Structure formats: C-alpha cells, structure tokens
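*Asks:* structure, please.
(2 chains)
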2 protein chains.
Amino acid sequence: MPIPYPPSGSAAGLTVAPVADLLGLVAYGELAAFDRMAADARLAPDLRRRAMLSEMAALEMANYRRIADRLTELGVTPGDAMAPYAAALQGYHDSTEPRDWLEAVTKAYVGDAIADDFLREIAAALSEPDRRLVLEVLHDSRYDEFAGAEIRAAIAVDPKVANRLSMWARRLVGEGLSQAGRLAGERVGLTTLITARTGGDVGVPGLLRRLTAAHTARMAAVGLNN
Amino acid sequence: MPIPYPPSGSAAGLTVAPVADLLGLVAYGELAAFDRMAADARLAPDLRRRAMLSEMAALEMANYRRIADRLTELGVTPGDAMAPYAAALQGYHDSTEPRDWLEAVTKAYVGDAIADDFLREIAAALSEPDRRLVLEVLHDSRYDEFAGAEIRAAIAVDPKVANRLSMWARRLVGEGLSQAGRLAGERVGLTTLITARTGGDVGVPGLLRRLTAAHTARMAAVGLNN
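*Replies:* Numbering: from 1, shown residues only, chains lettered A, B, ... in the order given. Here you go, the predicted model:
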C-alpha cells in the first residue's frame, strides 16, 4: 500500500509530486549513468580499467533499486516517474558521446559531479527519509578519484592533453546547461523544489554560483582550465 | 600473500594453472555478459524492461568481483587470467550482435545457459572452495525465466517469430561451438579440467551429449525448435 507522503504535520509540507519528480530524475540519472559507464568501459585501454569502470557502473544499479523501491512505496511506478527525463538526459548523452577513454573519464569527472551537486542542493528541500536516501545514492568519491587520477596521469605524460580535455569539459557544461534549462521549463514539480531550497537569500543565481565555483575548483584540481 | 593451491593432500591434486584458467574464463565471461546485457538494455521496448536488464547486468559484476578476489588470493592478476579469453569471447559476441530486443533475450536465454552448463561440468573437477564459488556465480534462474517469458509472449502474439528466433538460436550455437573449439585448442589448463571431469565412462562426447540434450529441452520449453 502506498505510504501517504509527506507524513501529516511535515515541516516541508510538499505533496508527493515534487518528491516523485526528483526521485524520478535521480532514478533515471542512475540508469543513464549505468548505461554510459558500461558503454565507456569498452573504451578502456586494458582489462583492469574496463573491469573497474564496469563495477562502478554496476553500483549505479544498486542505487537505482533503492530509489525505485522508494517510488513504489510512494505509489508511483518508477517507469512513469523516470519517463519525463528520458529525452533530456538521452539528448545530453547523445550529443556528448566520448570518442576515447580520456573523454569518457573527463565526462564522468565533470558531468557527474555537477549533476550530483545540483541534486544535493535540491535534495535539501526534501523531508526525511527522502533527503537522506538521495544524498546516499549520489556518487561517492571513489569514481571521482579514479577519473581524476586518469586525467592527471594523462596530462603528466602529454601536457597538450590538458587543452583538448578543457575544451571538451566546456562543451559538456554547455550541453548540460542547455538540457537542464529544457527540463526546468517542463517539470514544475522540480522547479518547486529548486525554489523551496533556493528561495531565501540566495535564489537560483546563488545556486548557479555555487555549482560554478565547485566545478571550477574540480577542473583546477586535475590540471584543466575553465 | 598468495595461498598455496590446492592444499597439499587435495584429492584432485590440480596445480594452480587449470584452476586459474577456469576462474579466468568465468571472470571474463561475467565481464562480457555484463557488457552485452548493458548494451542490450538499450534495445528494451520500455523503461521497465531496460531497468530490469540493467539490474541483471549489474549482478554479473558482483559475481565478477568474487572471482577476481579469489584469483588475487591465488596470486594471479585477474587481468592476466582473463586475457587469453578476450579474443574468443569478443569474437563470439561481435559475430552475434542482436538486431532487436527478441534476438537479445534469445541470445541470453540460449547462449548463457549453454555456457553455464559447460562451466558447471568443468567446475565439478575443481576442489573446494573453487567448485562452490564457480557454481554460485553461474547465472541464477531469474534471468532465464525473464528471457523465456519474453520469448513465449512474443510467439503467442506472432507465431512466425518462432521460426526467426529458432534460426537465430542455431546460429548462436554454431558460433559458440566454433569459438569454444578455438579456445580448447589454445588453453591446455582448461582442457586438463575437461578431461579430468569427463575422463571415465563419458568422455568429451558424453559432455557434448549432455549439453545438447539440455539445450534441446530449453528450446522446446519456450516454443523454439532445434
């Protein structure tokens, strides 16, 4: 039986719609990340790296399962909750298909981190247990570290790589922002959460500033320029 | 520190080489199955099936991890143990790329089951704990049931599908046998295990007879003809 959500008397007082909107986005994000990392594993230069990326992809599906179970508990079919995001996320991935291993790890390093920061900000507007659930399934730092180390190692061998990957990262951010804008216009529930979180003294510009600052710091950390 | 294998006084008395050969094959099999199921998930007709296949793919990597850990324990680098199988298994998968969802599930239903039967037969020649480990990581029946149900449902809707998929299954078996023959010629350790198991009264012809009988029964169970 679907559990009424949120519990009556909840401080946030959100209806199920925005919560399901966000969980649907997170669930589809896991599925898309799985799909992309599994495909990128084929670009790996050796079996060790291929297995490592494949294992990280598999982890996404364990996270997917947790979100899908929660959606079911809320009385929402996971497929229905995910469907609105399929076109935008697929559009992003189709338009940023990595041509080699370094583009693949850079995409994961840059793109996943921005998406995680974004979802972390929005999740703060949720009540428990959803807030904790979303924060828990966001990527742990293991993949960031792996991807970052691959980028740094490649630049150490050939410094020219930094320019190529910096340009690639800028393209990823541009495509990502374009699809995010499209989504925000379409999904009112999600917009409610963003406003709930960033209402007060910061607003959407504050959110964007924080995301940009974190992105710039991450780029610098691996020797890429913004 | 690598554990000496097998423990002295082991009945089987196998050296580490054939065991690592088999574990390497199983590990690469998991990695290849992951890769293929993840790619096939893109062919799924809806998000529910796509997520289901993606989750089953993820399960392969959990199994991969168990085998890789055991190889490491035996003092063998997983990448080294897997490398000899990459060409043959990749060759099989490249020459049997499914064109649609039904070909994908048929490939999984037919191909994985034969591979599992084969590995189960060979695993019987191993000492513990490797025997049990291999038997545990072989595909559980969940995916078989899912794939079988998809095939039966498609034939119920359009009986002509049975002919097309029967032909496809025959091609899968042919390609699989051709790559298996290539492997057997190259990997002496593996051949040792096959002979150890099928020595006695049955021999390799007995092994092939059992594999064929099980395959025929599986085909009939979903309405395909051999």
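*Asks:* same question for the strand or helix carrying residue A:164: list its buried residues.
*Replies:* For residue A:164, the host element (DSSP states H and E) is helix A:161-186. Residues of helix A:161-186 classed as buried by neighbour count (16 or more other CB atoms under 10 Å in any protein chain shown): A:161-162, A:164-166, A:168-169, A:172-173, A:175-176, A:179, A:183. (Each C-beta comes from the backbone N, C-alpha and C, glycine too.)
*Asks:* out of those residues, which comes closest to residue A:68?
*Replies:* Residue A:68 lies nearest to residue A:183 out of the buried residues of helix A:161-186, by CB to CB, at 20.0 Å.
*Asks:* contact partners for the closest one?
*Replies:* A:25, A:85, A:88, A:190 (CB atoms under 8 Å, 6 or more residues apart in numbering or on different chains).
*Asks:* is the second one within a helix or a strand, and which one?
*Replies:* Taking DSSP H and E as the definition, residue A:85 sits inside helix A:78-95.
*Asks:* give me the residues contacting whichever helix or strand comes after that helix.
*Replies:* Note on helix A:78-95: by DSSP H and E, the next helix or strand toward the C-terminus is helix A:101-107. With contact meaning CB under 8 Å, 6+ apart, helix A:101-107 is reached by A:36, A:40, A:43-45, A:49, A:96, A:98, A:146-147, A:150-151, A:154, A:161, A:165, A:168-169, A:172, A:224.
*Asks:* drop anything exposed from those residues.
*Replies:* By 16+ other CB under 10 Å, the contacts of helix A:101-107 give A:36, A:40, A:43-44, A:49, A:96, A:98, A:146-147, A:150-151, A:154, A:161, A:165, A:168-169, A:172, A:224 as buried.
*Asks:* now do the helices in chain A.
*Replies:* Remark: helices assigned in chain A by DSSP state H are A:16-40, A:47-73, A:78-95, A:101-107, A:113-123, A:130-137, A:141-157, A:161-186, A:188-198, A:203-221.
*Asks:* quickly, which of the ones you listed bottoms out on average pLDDT?
*Replies:* Mean pLDDT is lowest for helix A:188-198 among the helices of chain A, at a mean of 67.
*Asks:* got the residues of chain A near chain B?
*Replies:* A:28, A:31, A:34-35, A:38-39, A:41-42, A:46-48, A:50-51, A:54-55, A:57-62, A:64-65, A:68, A:78-79, A:82-83, A:86 (CB under 8 Å from any CB of the partner chain).
*Asks:* which residue is the nearest non-sequential neighbour of residue A:77?
*Replies:* The shortest distance from residue A:77 to any residue other than its chain neighbours is 7.3 Å, reached at residue A:71 (CB to CB, 6 or more residues apart in numbering or on different chains).
*Asks:* counting neighbours, what do you get for that neighbour?
*Replies:* Counted with other CB atoms under 10 Å in any protein chain shown, the neighbours of residue A:71 add up to 22.
*Asks:* what does residue A:192 give?
*Replies:* Neighbours of residue A:192 (other CB under 10 Å): 19.
*Asks:* wait, isn't it in contact with residue A:19?
*Replies:* No: using CB atoms under 8 Å as the test, residue A:192 is too far from residue A:19 to be in contact (10.0 Å).
*Asks:* tell me how far the closest residue to residue A:45 other than its chain neighbours lies from chain B.
*Replies:* Nearest residue to residue A:45, sequence neighbours excluded (CB to CB, 6+ apart): residue A:101, at 5.8 Å. Residue A:101 sits 15 Å away from chain B when distances are taken as CB to the nearest CB, to the nearest Å.
*Asks:* which ones are touching the most centrally placed residue in chain A?
*Replies:* Nearest to the geometric centre of chain A sits residue A:115, at 3.1 Å (CA atoms, centre = their mean). The contact partners of residue A:115, by CB under 8 Å, 6+ apart, come to A:29, A:176.
*Asks:* and it, how far is that from residue B:138?
*Replies:* Look at residue A:115 and residue B:138: by CB to CB, to the nearest Å, they are 36 Å apart.
*Asks:* ditto for residue A:37
*Replies:* 25 Å.
*Asks:* could you do residue A:165 as well?
*Replies:* 41 Å.
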